[in-house]
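Peer 1: return a 3D structure for these sequence lines:
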Amino acid sequence: MKKRPQNRVIRFLLENSAFLIVGAAVGLVWANVDHKSYEFIKETPAFYINHVPVSLHFLINDLAMAFFFLLAGKEIREAMLPRGALSNVRTAALPIMATLGGMAGPAIIYFTGTLLFNAPELTRGWAIPMATDIAFSYLIARMIFPQIGGKTHPAIVFLLLLAIADDAGGLIVLASFYPQEVHNLLPFLHGINPLLVFVIGIAAAIAFALVLWKKLKITNFWPYLIVPGVVSWLAFHEGGIHPALALVPLAWCMPHEHSDVGIWAVGESEGQDTLNRMEHWWKSPVELILGLFGFVNAGVAFSALGLGTWLVFFGLLFGKPIGIILFTKIGQSFGLRLPRGMNTADLIVVGIAAGIGFTVALFVSVVAFPAGVLQDSVKMGALFSFVVAPITITAAWILGVRRRALQNSTKK
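Peer 2: A predicted model of the protein is given here:
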């Protein structure tokens, strides 16, 4: 039975993060045409919980985005399983080294810029350009690097390893360096130490999830989301840690495969374990969530261009590739090797592609700064990171990476 044309269009949009791009474009245009109505829709509370305003912005950034980070946590968890991309220390060592460089380089450029231009008010945004948007960077890499003998080009595998490790590092940075102001949804927790609330709440959520898994043998993912998931979200929110990260621990609690065939490998999406069934169900809804995320976060006035814009943009454009290449070369000097079939030219292209930081960079911008001029300026830098895509394609053409890969494949 043939798929209907409209179904193919929807599938293409979902698989290529088009909803995120469209949502961001709509928000950007709307904010510059009628900023007041845009802010009204985004920020006007629909209702209150214990005097905490619940607006569209809150529902998307604090609640719905938890499912996006849950899927990111799922990829990290599976990458650590036997046969997973991060399970073998020798295989993962060089991409992890590259990840450290890719996080350090942008942060150093950003922080140095705040010192050179005497802008201490921007210092808090040092983590914004550290992010790599795994979906968009993968999409660009897939356009550049051909399959070799029917197999994925090793440069794409290296980029995915790097991006997964980058996601893990980003989650740690968000949880560790960006505590949130506590607004208690639960009135009886008022006055109790937020750290204590967090520790007890997350311990209860994980313990409950493990009891469901091991004792009651529940394999449906919904009980994990409805009971320990809600407890974990409340623990993060009431504990002063961004609640969008709250579902990540569940990736370690749900029943899962005993090994990993590899991200985007043939058969990877066919797993029937609880963790994979959860991903299958949420994958398309999360793309729609990202569209709304783009809408509520990308609405920045063009007049918001400022120092923060260029610190974020240049951190991603230059800090990412310089850090990745430098730390990879340091790793190679200690005997670590690039994947077979990947060379320095490929590494340069991968480093540039990793500078697309759109989704997570926007998210960190909102977490790092309160709404206002500073937040808008760094958001603009995150939006500008889309420019890295054509730069990556141009660099690949100049370096001849695709042509060389195709020539090498015909010789074999």
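Peer 1: hmm, Phe314 is touching Thr112, no?
Peer 2: No - taking contacts as Cβ atoms under 8 Å, Phe314 lies outside contact range of Thr112: 10.3 Å. For glycine as for every other residue, the C-beta is placed from the backbone atoms N, C-alpha and C.
Peer 1: tell me how far Leu116 lies from Ile109.
Peer 2: Going from Leu116 to Ile109 by Cβ to Cβ, to the nearest Å gives 10 Å.
Peer 1: over to Ile140?
Peer 2: Separation of Ile140 from Ile109 (Cβ to Cβ): 22 Å.
Peer 1: kindly report the same for Phe198.
Peer 2: Counting by Cβ to Cβ, the separation of Phe198 from Ile109 is 33 Å.
Peer 1: what of Leu288?
Peer 2: Separation of Leu288 from Ile109 (Cβ to Cβ): 34 Å.
Peer 1: the more surrounded of these two?
Peer 2: More crowded of Leu288 and Ile109, by other Cβ atoms under 10 Å: Ile109, with 22 against 15.
Peer 1: please, which helix or strand holds the more buried one?
Peer 2: Assessed by DSSP states H and E, Ile109 sits inside helix 89-116.
Peer 1: and the next helix or strand past that helix?
Peer 2: Following helix 89-116 in sequence, per DSSP H and E, is helix 134-144.
Peer 1: in a helix, Pro53, correct?
Peer 2: No - read with DSSP: H, G, I helix; E, B strand; the rest coil, Pro53 is strand and lies in no helix.
Peer 1: for it, which non-adjacent residue is spatially closest?
Peer 2: Closest residue to Pro53 in three dimensions, ignoring its sequence neighbours and counting by Cβ to Cβ, 6 or more residues apart in numbering: Pro45, at 3.6 Å.
Peer 1: please name the residues that touch the one you found.
Peer 2: By Cβ atoms under 8 Å, 6 or more residues apart in numbering, Pro45 lies in contact with 53-55.
Peer 1: is it in a helix, a strand, or coil?
Peer 2: Each residue gets one of three states, and Pro45 gets coil by three-state DSSP.
Peer 1: now do the phi/psi pair for it.
Peer 2: The phi/psi pair for Pro45 (degrees, to the nearest 10) reads phi -60, psi 140.
Peer 1: again with Tyr48
Peer 2: Dihedral angles (degrees, to the nearest 10) for Tyr48: phi -120, psi 150.
Peer 1: which ones are touching the nearest residue to it once chain neighbours are set aside?
Peer 2: Distances taken as Cβ to Cβ, 6+ apart put Val54 closest to Tyr48, at 6.7 Å, once the chain neighbours are dropped. Residues near Val54 by Cβ under 8 Å, 6+ apart: 45-48.
Peer 1: buried stuff in stretch 172-182?
Peer 2: Within stretch 172-182, the residues that count as buried by 16 or more other Cβ atoms under 10 Å are 173-174, 178-179, 182.
Peer 1: just put those in TSV and tack on secondary structure.
Peer 2: Listed next are the buried residues of stretch 172-182 as TSV, based on three-state DSSP:
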residue	secondary structure
Val173	helix
Leu174	helix
Tyr178	coil
Pro179	coil
Val182	coil
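Peer 1: any idea which of those residues is closest to Ser232?
Peer 2: Closest approach to Ser232 among the buried residues of stretch 172-182 (Cβ to Cβ): Leu174, at 15.3 Å.
Peer 1: does the closest one touch His242 like I think?
Peer 2: Yes - between Leu174 and His242 a contact is recorded at 6.0 Å, counting by Cβ under 8 Å.
Peer 1: residues shared between the contacts of the two?
Peer 2: With contacts taken as Cβ under 8 Å, 6+ apart, Leu174 and His242 have Val367 as neighbours in common.
Peer 1: any idea how far Met143 is from Ala353?
Peer 2: Met143 is 10 Å from Ala353, by Cβ to Cβ.
Peer 1: who has more neighbours, these two?
Peer 2: Ala353 (34 against 14).
Peer 1: shouldn't that one be in contact with Thr392?
Peer 2: Yes - counting by Cβ under 8 Å, Thr392 is a contact partner of Ala353 at 4.6 Å.
Peer 1: joint contacts of these two?
Peer 2: 140, 144.
Peer 1: sorry, back to before: most surrounded residue in the contacts of Val54?
Peer 2: Ranking these using other Cβ under 10 Å puts Pro45 first, with 13 neighbours.
Peer 1: quick check: which element contains the residue nearest the centre of the chain?
Peer 2: The residue lying closest to the centre of the chain (Cα atoms, centre = their mean) is Val360, at 4.6 Å. Secondary structure from DSSP H and E places Val360 in helix 358-368.
Peer 1: restrict that helix to CA atoms and write it as CSV.
Peer 2: Extracted C-alpha coordinates of helix 358-368, given in CSV (Å, rounded to 0.1, in the frame of the first residue of the first chain):
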residue,chain,number,x,y,z
PHE,A,358,20.6,26.0,17.8
THR,A,359,18.2,24.0,20.0
VAL,A,360,20.2,23.6,23.2
ALA,A,361,21.9,27.0,22.8
LEU,A,362,18.5,28.6,22.8
PHE,A,363,17.5,26.6,25.8
VAL,A,364,20.6,27.6,27.8
SER,A,365,20.1,31.2,26.8
VAL,A,366,16.7,31.2,28.5
VAL,A,367,18.1,29.4,31.6
ALA,A,368,21.2,31.7,31.9
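Peer 1: got the angle for that helix vs helix 134-144?
Peer 2: 160 degrees (axes from the mean of the first three to the mean of the last three Cα atoms, to 10 degrees).
Peer 1: and helix 358-368, how far out from the chain middle?
Peer 2: Centroid separation for helix 358-368 versus its chain: 9 Å, with Cα atoms, centre = their mean, to the nearest Å.
Peer 1: and the nearest residue to Gly341 once chain neighbours are set aside, its phi and psi?
Peer 2: Setting aside the residues directly before and after it, Gly341 is nearest to Pro154 in space (Cβ to Cβ, 6+ apart), at 4.6 Å. Backbone torsions of Pro154, given as degrees, to the nearest 10, read phi -60, psi -30.
Peer 1: would you agree Pro154 is in contact with Pro339?
Peer 2: Yes - with contacts counted by Cβ under 8 Å, Pro154 reaches Pro339, the gap being 3.7 Å.
Peer 1: residues touching Gln375, list them.
Peer 2: 365-366, 368-369.
Peer 1: closest to Phe221 among those?
Peer 2: Nearest to Phe221 among these is Val366, at 27.9 Å by Cβ to Cβ.
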